[in-house]
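Chemist: Coordinates only, no sequence provided:
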Ligand SMILES: O=C(O)C(=O)C[C@H](O)[C@H](O)CO
Ligand SMILES: [Mg+2]
């Protein structure tokens, strides 16, 4: 039995902050887990170092399920993003260890490949419609089968998802939260025009997606979904905050545009009603924030009963370790839908060498034993942590709103 001999948290900032858990065993094999919670990184680092790691030493690294239950039930305080991210990091690292000891990539341990690769979507964003479409063309040329479109909205100074960066969007920047402004009416008038022009320019062979980022009320979401129906979106994401799962009944009654929700979910309980009442089409919970591969498989199994497919979150704040875990999960799960892929910077990729690859819009986790990601600790040590907050959002009259 491989015993856990030590575990430690590595915090590094190769372009952006990442928290990584490294678990070592007496068999000389180690595993890595992503523990990054954007804007609240050190809370998870402390949760792991101060409260979880002491309980891991001496345990059988093969007992993934038992350790998961021990950390979840044993904390007494269940769920929540900090707890579930910490548990996820342990879970990923243990799957990594199990794969290395079995000399198999993790997807083989999860049942084997259920498809050739995981379809991913890239991010096309621009300050206006023509720039957004131009960038979408670049994805098409690279063989992507799906692309998310976000464009600057006339009359609004900043818009969620739009940045100067060509291929990724990095919202966690400020040493204090930056303030942005929001106008529902300007946004609602504009989005159908974006997709109208996009379909004209890009045709119908590419899947188009859009993220509302929690900014509408249910009835506004129903209206937007209806207005976008002619453009046949792959999905419309996070139309309204999802604490109230029943609110999606109202949206569902008004539109056939497919709905995706769940990047901020951290357990099956956040999605239970949405899935069981078939109020959504894609569940976006991901490995790092939703309790690891072990818990996400449970979410996917429930979703499969109701024809809800997976569409895991994959922005740059999810480290390459999480990206690899998501791909092993996605390759093996029966109801895979799509995976978000906002590529990392070169600095990030250098700190986290990885086996996953992209080919013609499909990603594969690679066949290295375990997750197939490593960390260059010498390089990681050169990048010091710097506090970085996500923005906050206000309505034009100053009212605090959802970002
Ligand atoms: O990628 C997405 O769909 C997002 O909404 C990105 C989030 O804003 C980001 O990951 C927050 O940390
Ligand atoms: Mg999103």
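Modeler: Here it is on my side, so go on. Keep in mind that this is a model prediction, so the values were computed, not measured. Numbering: from 1, shown residues only. Ligands and ions are numbered 1, 2, ... in the order given.
Chemist: tally of neighbours for the residue of the stretch 101-250 of the chain found nearest ligand 2?
Modeler: Using CB to the ion, residue 211 is the residue of the stretch 101-250 of the chain that sits closest to ligand 2, at 4.3 Å. All C-beta atoms are positioned from the backbone trio N, CA, C, and that covers glycine. Around residue 211 there are 22 other residues, counting by other CB atoms under 10 Å.
Chemist: Next, the contact list for the residue in the stretch 301-403 of the chain that ligand 1 sits nearest to, please.
Modeler: Going by CB to the nearest ligand atom, ligand 1 is nearest to residue 315 of the stretch 301-403 of the chain, at 3.4 Å. Each residue near residue 315 by CB atoms under 8 Å, 6 or more residues apart in numbering is listed here: 169, 263, 340, 342.
Chemist: I'd like those as TSV, with secondary structure appended.
Modeler: Output for those, formatted as TSV (DSSP: H, G, I helix; E, B strand; the rest coil):
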residue	secondary structure
169	coil
263	coil
340	strand
342	coil
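Chemist: Now flag whichever of those residues is closest to ligand 2.
Modeler: Closest to ligand 2, out of all of those and judged by CB to the ion, is residue 263, at 4.9 Å.
Chemist: you'd agree that closest one is up against residue 284?
Modeler: Yes - Residue 263 is within contact range of residue 284, at 4.5 Å (criterion: CB atoms under 8 Å).
Chemist: Just list the residues touching the residue nearest the centre of the chain, thanks.
Modeler: Centroid-nearest residue in the chain: residue 313, 2.1 Å away (criterion: CA atoms, centre = their mean). Each residue near residue 313 by CB under 8 Å, 6+ apart is listed here: 262-263, 284-286, 289, 340.
Chemist: Same check on residue 334?
Modeler: Taking CB under 8 Å, 6+ apart as the test, what residue 334 contacts is 114, 300, 304.
Chemist: mind redoing it with 6 Å?
Modeler: 114, 304 (CB atoms under 6 Å, 6 or more residues apart in numbering).
Chemist: hang on, it is in a helix, isn't it?
Modeler: No - with three-state DSSP as the criterion, residue 334 is assigned coil and is not in a helix.
Chemist: Distance of residue 237 relative to residue 214?
Modeler: 9 Å (CB to CB, to the nearest Å).
Chemist: what is the residue of the stretch 101-250 of the chain closest to ligand 2 paired to in the beta sheet?
Modeler: Beta-bridge pairing of residue 211 under DSSP bridges involves residue 237.
Chemist: what does the stretch 51-200 of the chain put close to ligand 1?
Modeler: When proximity is defined as CB under 6 Å from any ligand atom, the stretch 51-200 of the chain approaches ligand 1 at residue 171.
Chemist: if we go to 8 Å?
Modeler: Applying CB under 8 Å from any ligand atom, we find that the stretch 51-200 of the chain lies next to ligand 1 at 123, 148, 160-161, 169, 171-172.
Chemist: got a markdown table for the contacts of residue 315, with distance to residue 79, pLDDT and neighbour count too?
Modeler: Shown next, in a markdown table, are the contacts of residue 315 (distance: CB to CB, whole Å; pLDDT from 0 to 100; neighbours: other CB atoms under 10 Å):
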| residue | distance to residue 79 | pLDDT | neighbour count |
| --- | --- | --- | --- |
| 169 | 28 | 77 | 17 |
| 263 | 16 | 98 | 24 |
| 340 | 23 | 98 | 25 |
| 342 | 26 | 93 | 21 |
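Chemist: Which segments of the protein make up each domain?
Modeler: The record's domain parsing of the chain by automatic domain parsing lists 4-105, 109-367.
Chemist: Export those to TSV and append columns for distance to residue 389.
Modeler: Output for the domains of the chain, formatted as TSV (distance: least, CB to CB, whole Å):
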stretch	distance to residue 389
domain 4-105	5
domain 109-367	4
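Chemist: Nearest to residue 381 among these would be which one?
Modeler: For the domains of the chain, the distance to residue 381 is smallest for domain 4-105, at 7.3 Å, taking CB to CB.
Chemist: Now do that closest one: distance to the chain's middle.
Modeler: 18 Å (CA atoms, centre = their mean, to the nearest Å).
Chemist: same question for that domain, mean pLDDT?
Modeler: Domain 4-105 shows a mean pLDDT of 98.
Chemist: where's stretch 134-145 relative to the chain centroid, distance-wise?
Modeler: Relative to the centre of its chain, stretch 134-145 is centred 21 Å away, using CA atoms, centre = their mean.
Chemist: start at 33 instead
Modeler: Taking 33 as the first residue, the last one we looked at is stretch 166-177.
Chemist: List the buried residues for it?
Modeler: Of the residues in stretch 166-177, 167-168, 171-172, 176-177 count as buried by neighbour count, 16 or more other CB atoms under 10 Å.
Chemist: From those, which land in helices?
Modeler: Judged by DSSP state H, the subset of the buried residues of stretch 166-177 located in helices is 167-168, 171-172.
Chemist: tell me which of those is nearest to residue 136?
Modeler: residue 171 (32.7 Å).
Chemist: tally of neighbours for residue 429?
Modeler: The tally of other residues near residue 429 (other CB under 10 Å) stands at 6.
Chemist: Now name the helix or strand holding it.
Modeler: Assigned by DSSP states H and E, residue 429 belongs to no helix or strand.
Chemist: One more: residue 342?
Modeler: Mapping residue 342 onto the secondary structure by DSSP H and E places it in strand 341-344.
Chemist: ok, and the closest non-adjacent residue to the residue of the stretch 33-182 of the chain found nearest ligand 1?
Modeler: Relative to ligand 1, the nearest point of the stretch 33-182 of the chain is residue 70 (3.6 Å; CB to the nearest ligand atom). In space, residue 70 comes closest to residue 349 once its chain neighbours are excluded; the distance is 4.0 Å by CB to CB, 6 or more residues apart in numbering.
Chemist: picking up where we left off before, turn the contacts of residue 347 into CSV, columns for distance to ligand 2.
Modeler: Output for the contacts of residue 347, formatted as CSV (distance: CB to the ion, whole Å):
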residue, distance to ligand 2
201, 10
295, 5
372, 8
374, 10
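Chemist: I'd like the contacts of residue 345 laid out as TSV, including distance to ligand 1 and secondary structure.
Modeler: Shown next, in TSV, are those (distance: CB to the nearest ligand atom, whole Å; DSSP: H, G, I helix; E, B strand; the rest coil):
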residue	distance to ligand 1	secondary structure
294	10	coil
295	6	coil
316	7	coil
317	12	coil
318	9	coil
321	9	coil
372	6	strand
